[in-house]
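Colleague: Next comes the sequence, and after it the predicted model I'd like to discuss.
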Amino acid sequence: MRLKEIQRTAHQAWSPAGHHPIYLALGTSAQQLDASFNTTAAIEIFEMDFADPSLEMQLKGSLPTTNRLHSIVWVNFGTAEDGTGGRLVGGSENGTLTVYNPEAIISSGAEAVVGESDKHTGPVRALDFNPFQNNLLASGANDSEIYIWDLNNFSSPMTPGAKTQPVEDISVVSWNRQVQHILASANPSGKAVVWDLRKNEPIIKISDHSNRMHCSGMLWHPDVATQLVLASEDDRQPVIQMWDLRFATSPLKVLENHKRGILSISWSQADSELLLSSAKDNRILCWNPNTGEVIYELPTTNQWCFDVQWCPRNPALLSAASFDGRITVYSVMGGSLKAQQQSTADMISSSFDTMDPFGTGQVLPPLQVPQPSVQETIIPPLKKPPKWVRRPVGASFGFGGKLITFENSKIPPVQSPQPVPRQVFVSQVTTETEFLQRSRELQAALKSGSFNNYCQAKIQNATSDAEQDIWKFLLVNFEDEARIKFLKLLGFSKDELERKISKCLGKNFQSNGHGVDAKDLAEKMQRLTTERSDEAAADARTSGSISPADFFSHTPKENSTFQIPVSCDTDGLISQALLVGNFEGAVDLCLNDGRYAEAILLSISGGEDLLKKTQQKYLSKQKSSISMLISSVVTQNWRDIVQNCELDNWKEALAALLTYAHPEDFACFCDTLGNRLEHEGTEKCCLQACLCYICSGNIEKLVECWALHRDCSSPLGLEDLVEKVMMLRKSIERLRNSEVAVQSPVLAEKLTCYAGILAAEGSLSTAMTYLPDNSDQPVSSGGPFSPTGPPMPAANLAGPPLPPSSSTAGGLPPTPSPGVPPMGFVLSTSLPSGPVFPGSFHSQGPAPPMASSSFPPIGAGYPQGGPGAPAAKPFPAPVVAPPPTGTHGINYLPDNYTPPAPITAPVMGFPVEAPQPHNHTQVPPGAPQEPNVQLLQQLPAERVEQKEIPSEHMVLKTTFDSLVQRCQLAAGDPQTKRKLDDAGKRLGHLYDKLREQSLSHNILGGLHEISRCVASQNYQRGLEIHTQVVSSSNFSEISAFMPILKVLMTIANKLGV
């Protein structure tokens, strides 16, 4: 594309690359005349202002000269620090070599000529400066004259060696671009000579054997030291020959496209794949000398261009001097001619006087001429991007933290027909090293199951007390007797409390776990031994059982007498009310007189309703702080505690829940307390709320609370949240023995961000575990939160509620942990160490006798595994009062002993239908009770009649029991055996359903299909049918046995039985 143009018949020289702005020096050309036959000569310097869209060049300076020039160069010698200056050297037609100062020409100074020599005898047609030593200049003229000039000492030139014979004109000289002491010269006959200035002699001569090479130009390869090109001016052979001095017998390559002789060539120093040539066919071509193809042709006029040159500073520019007297500047990058066309139109219109074009003295109205739409002309650029616009290096980030980089080789490629191999590097970029390290530690813990060690490490590395407390609470979830350990974390230790109570009562506390006075215990044991000896002696004397008459004759009698008052005072009225059986009146009189103990005692004899009313009246009159706690203990009303207590007492409220709350209500109450703390809005209260949510196992609330008050936008903040969520989830899965589904939009968003960061850091496989299998699934149910079985609602950690209740946040199938006895109460072989959940022992009848060693001893009142352990399905069991405090002996009861019915139902809040053995020590109302193993063993067993499984379904029991037995025989590790033992027990729920005939036809059909798959050992098909049955059925109907069926088939498939 043409950028600038000026009418001059001149040779040209660009300013050096370091010079700014870009100048173009023009020296009047010798052997050329214009139409005016003007014979003056001058050196002019023009500035290239490309901000101006016009074709005009701005003249900066001019210097008249006596001689016209055959050649001119701008040497980068004597430049200032800012890159301006240098030297202009011109070779004239009479052999004079003149050195000019361009700064002086621009400023019109008097000392523009700084050196001059007339050593040459003929016109100086060849000039070139050394690219390594700017002070060295080579010139060539007639009679094989070649001089090497030192601009520091311009008066004494050197010669490269003896003149070549026969003597000829020197048409071109050129310095090697890689080796500073190599110079080449050429003459019109087509011969080229390479000189070594260290030896001052020619080292090689090149000539074409056809004798048609009339050399008009010669240039060294910009990158390869041994290669050069020669251009032929002969119309019979208009070619460019590329020679390699390593094989100088014939040209390496011949570039043929011009129709007539070549006048000038120029090789781009910025890109060795761009070689310009102008010829007598009026064409300016741009070649790729490596491939020999023409990659660009400049749009030129119908004139010969005798000189073309690349711009050193802007490699996209070139200038061409033509015989029609034009110096034109082009760009090989293309562009639009719209601005130039508009500028030309403006120049034409400005040449006319629009006010009075005809000189009539009258202003013509504006001419309303429709403006034709000018079609915009686009000049295309080079076919291939030149080297200076190619990226020397490049980088691009890819998915998964991959960085793609490439680097173009800086070493010039050796001429070869094979393409130069390029290398692309793919590397992994990690910017969050700490995040990745912690993520790897978390994944290792999840895979190995070493959750305790992971939590312990987090506790040791915690940076704050609050962080340490959270990890301590998470650790407790992985340990046995979690509620007791939660109490210790809250600052309530039973041993410490018993020590304080013993000290207050003046007893000698012994570290036996129960705070029993050692002396008192020894005296009671001695007295018990004496009584047993007396009983044994009496039995030996009677040699049989004692008759009722003898039994009552041994009853101790009181000899003292007493009076029954019947006066009109309070005592008399109470006596009269008792004598007629008016318990309610007697209780009212006692309450009115402040006799609360007598009122409570009388209300026990007055029936359940009266006991309830008496409790309510007593508790309503007591307004102290301790009375509120006593009221909650007696009435089991923990909602008032969590909703109305001071938030400063959150620890005490949580401790009460841990001690007394039933598993069904525990999580709901913990969430209520956590909500109150969270609404306070302070960071401290929010951390305390998180502890409550950890106790309840509410992952959703934990995530929402943490995300609301902690920064989760950073990678490490997200890692903190995910670590806690994953540990809490694993603890719930451990307690429930099943997968957990979490449906939380906040958690879904955080997990998506977390997976994105993992993917960006290169952990793609880990990131995938936190995403769903397809885009239709919610994010939070995918990956670690995607159960392999049927989806279960996100319930509380306290286990499934036995009856449906609106106070619970959901429900889970009654899936007991391995080793937990499937019954509604927990046996303990130790002394009473804590309360039992109220209502844990309600039953419909007595239980069969069982050995106390059948199950591992655990703390009374706490479900095995801690909060979140699923509540077991209760079997019929009697309500049993605890033995006397501090004793643990064997109770001897007669065979025909029938215990009286207790009156504790109003206190406990549950109906009681079974009889309860009587004890000598009265249990306080509302106190948590614990069964006594010996009493249970002594109770007579009641025969329970079970229905038979229908004959059409007996195949299910036979098939599944056989599968359990085969797996037990093949299993080797203890963990699998424990799972199989649990499977055998939990299949009883299925058989009960079959006996009751309470399963739907869809479920029964699926079970029979699974049975057939088990019989044929096609466990994969059985698992598929299992999934279909679960997804199409009411989960509460099948939750007791379908999960264990899946576990059983998975184990069988693994064992191959």
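Modeller: Cool, the structure landed. Numbering: from 1, shown residues only.
Colleague: Kindly export stretch 648-668 (C-alpha atoms) in PDB.
Modeller: C-alpha atoms of stretch 648-668 as PDB (Å, rounded to 0.1, in the frame of the first residue of the first chain):
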ATOM      1  CA  ASP A 648     -24.600 -16.800  77.800                       C
ATOM      2  CA  ASN A 649     -25.800 -20.200  79.200                       C
ATOM      3  CA  TRP A 650     -25.600 -21.900  75.800                       C
ATOM      4  CA  LYS A 651     -23.100 -24.400  77.100                       C
ATOM      5  CA  GLU A 652     -25.400 -25.300  80.000                       C
ATOM      6  CA  ALA A 653     -28.400 -25.600  77.600                       C
ATOM      7  CA  LEU A 654     -26.400 -27.800  75.200                       C
ATOM      8  CA  ALA A 655     -25.200 -29.900  78.200                       C
ATOM      9  CA  ALA A 656     -28.800 -30.500  79.300                       C
ATOM     10  CA  LEU A 657     -29.700 -31.700  75.800                       C
ATOM     11  CA  LEU A 658     -26.700 -34.000  75.700                       C
ATOM     12  CA  THR A 659     -27.700 -35.500  79.000                       C
ATOM     13  CA  TYR A 660     -31.500 -35.800  78.700                       C
ATOM     14  CA  ALA A 661     -32.800 -35.100  75.200                       C
ATOM     15  CA  HIS A 662     -34.300 -38.100  73.400                       C
ATOM     16  CA  PRO A 663     -32.500 -39.000  70.100                       C
ATOM     17  CA  GLU A 664     -35.600 -38.000  68.200                       C
ATOM     18  CA  ASP A 665     -35.600 -34.400  69.500                       C
ATOM     19  CA  PHE A 666     -31.900 -33.900  70.100                       C
ATOM     20  CA  ALA A 667     -31.000 -32.600  66.700                       C
ATOM     21  CA  CYS A 668     -34.100 -30.300  66.500                       C
END
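Colleague: For that stretch, buried residues please.
Modeller: 650, 652-668 (16 or more other CB atoms under 10 Å). Yep, even glycine has a C-beta here, placed from its N, CA and C like the rest.
Colleague: For that stretch, what is the distance to the chain centroid?
Modeller: 37 Å (CA atoms, centre = their mean, to the nearest Å).
Colleague: any weak-confidence spans in this protein?
Modeller: Residue ranges of the chain with pLDDT under 70: 34-35, 82-83, 301, 335-377, 410-420, 507-560, 622-625, 627, 773-946.
Colleague: centroid residue for it?
Modeller: In the chain, the residue lying closest to the centroid (CA atoms, centre = their mean) is residue 757, at 1.8 Å.
Colleague: what's the neighbour count on the residue lying closest to it once chain neighbours are set aside?
Modeller: Excluding the flanking residues, the one nearest residue 757 by CB to CB, 6 or more residues apart in numbering is residue 715, at 5.1 Å. Residue 715 is flanked by 21 other residues according to other CB atoms under 10 Å.
Colleague: How about residue 210?
Modeller: With other CB under 10 Å as criterion, residue 210 counts 11.
Colleague: In three-state terms, label it for me.
Modeller: Of the three states, residue 210 takes coil under DSSP: H, G, I helix; E, B strand; the rest coil.
Colleague: can you tell me which residues contact it?
Modeller: residue 237 (CB atoms under 8 Å, 6 or more residues apart in numbering).
Colleague: The same query, at a cut-off of 10 Å, please.
Modeller: 190, 232, 234, 236-237 (CB atoms under 10 Å, 6 or more residues apart in numbering).
Colleague: One more: residue 445?
Modeller: Applying CB under 10 Å, 6+ apart, the residues near residue 445 are 451-455, 457-458, 723, 726-727, 730.
Colleague: nearest to residue 116, of the residues you listed?
Modeller: The shortest approach to residue 116 among the contacts of residue 445 belongs to residue 723, at 85.3 Å (CB to CB).
Colleague: separation between residue 132 and residue 183?
Modeller: 12 Å (CB to CB, to the nearest Å).
Colleague: Looking at the two, which has the bigger crowd around it?
Modeller: Shown here are residue 132 and residue 183; by other CB under 10 Å, residue 183 has more neighbours (26 against 13).
Colleague: hmm, back to that, overlap of the contact sets of residue 132 and residue 183?
Modeller: With CB under 10 Å, 6+ apart, residue 132 and residue 183 have common neighbours 175-176.
Colleague: and the buried residues of stretch 648-668, which of them are in helices?
Modeller: Judged by DSSP state H, helices contain the following of the buried residues of stretch 648-668: 650, 652-660, 663-668.
Colleague: residue ranges of the helices in the stretch 901-1050 of the chain, please?
Modeller: Under the criterion DSSP state H, counting those that start in this stretch, the stretch 901-1050 of the chain contains helices at 905-908, 933-938, 954-970, 974-996, 1001-1015, 1019-1031, 1035-1038, 1042-1055.
Colleague: Including distance to residue 474, could these go into CSV?
Modeller: Listed next are the helices of the stretch 901-1050 of the chain as CSV, based on distance: least, CB to CB, whole Å:
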stretch, distance to residue 474
helix 905-908, 34
helix 933-938, 34
helix 954-970, 34
helix 974-996, 23
helix 1001-1015, 38
helix 1019-1031, 30
helix 1035-1038, 28
helix 1042-1055, 25
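Colleague: Ok, which of the ones you listed comes nearest residue 494?
Modeller: helix 933-938 (20.9 Å).
Colleague: Quick check: buried residues in stretch 11-31?
Modeller: For stretch 11-31, a neighbour-count test (16+ other CB under 10 Å) marks 11-17, 19, 22-30 as buried.
Colleague: Strands of the stretch 251-400 of the chain, residue ranges please.
Modeller: Under the criterion DSSP state E, counting those that start in this stretch, the stretch 251-400 of the chain contains strands at 253-256, 262-267, 275-279, 284-288, 293-297, 305-310, 317-322, 326-331, 335-336, 378-379, 393-398.
Colleague: ok, and what's touching the last one?
Modeller: Looking back up the chat, that one is strand 393-398. With CB under 10 Å, 6+ apart, strand 393-398 has contacts from 402-408, 424-427, 429, 760.
Colleague: How about the first one?
Modeller: Outside of strand 253-256, the residues that reach it under the criterion CB under 10 Å, 6+ apart are 208, 227, 229, 231-232, 237-244, 262, 265, 275, 277, 285, 287-294, 415.
Colleague: Buried ones from these, can you make that a ChimeraX selection?
Modeller: The following ChimeraX line selects those of these that are buried, judged by 16+ other CB under 10 Å:
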select :208,227,229,231,232,237,238,239,240,241,242,243,244,262,265,275,277,285,287,288,289,290,294,415
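Colleague: related to what we said a few turns ago, from the ones in helices among the buried residues of stretch 648-668, pick the one nearest residue 446.
Modeller: residue 667 (24.0 Å).
Colleague: Which residues does stretch 448-458 contact?
Modeller: For stretch 448-458, using CB under 10 Å, 6+ apart, the contacting residues are 438, 441-442, 444-446, 467-468, 470-479, 720, 723-724, 726-727, 730-731, 734.
Colleague: so how many other residues sit close to residue 997?
Modeller: That count, for residue 997 with other CB under 10 Å as the rule, works out to 11.
Colleague: Phi, psi for it please.
Modeller: phi 50, psi 50 (degrees, to the nearest 10).
Colleague: next one: residue 208
Modeller: phi -80, psi 130.
Colleague: still on that earlier bit, make a markdown table from the contacts of residue 210 and add distance to residue 673 and secondary structure to it.
Modeller: Output for the contacts of residue 210, formatted as a markdown table (distance: CB to CB, whole Å; DSSP: H, G, I helix; E, B strand; the rest coil):
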| residue | distance to residue 673 | secondary structure |
| --- | --- | --- |
| 190 | 103 | coil |
| 232 | 99 | strand |
| 234 | 104 | coil |
| 236 | 106 | coil |
| 237 | 102 | coil |
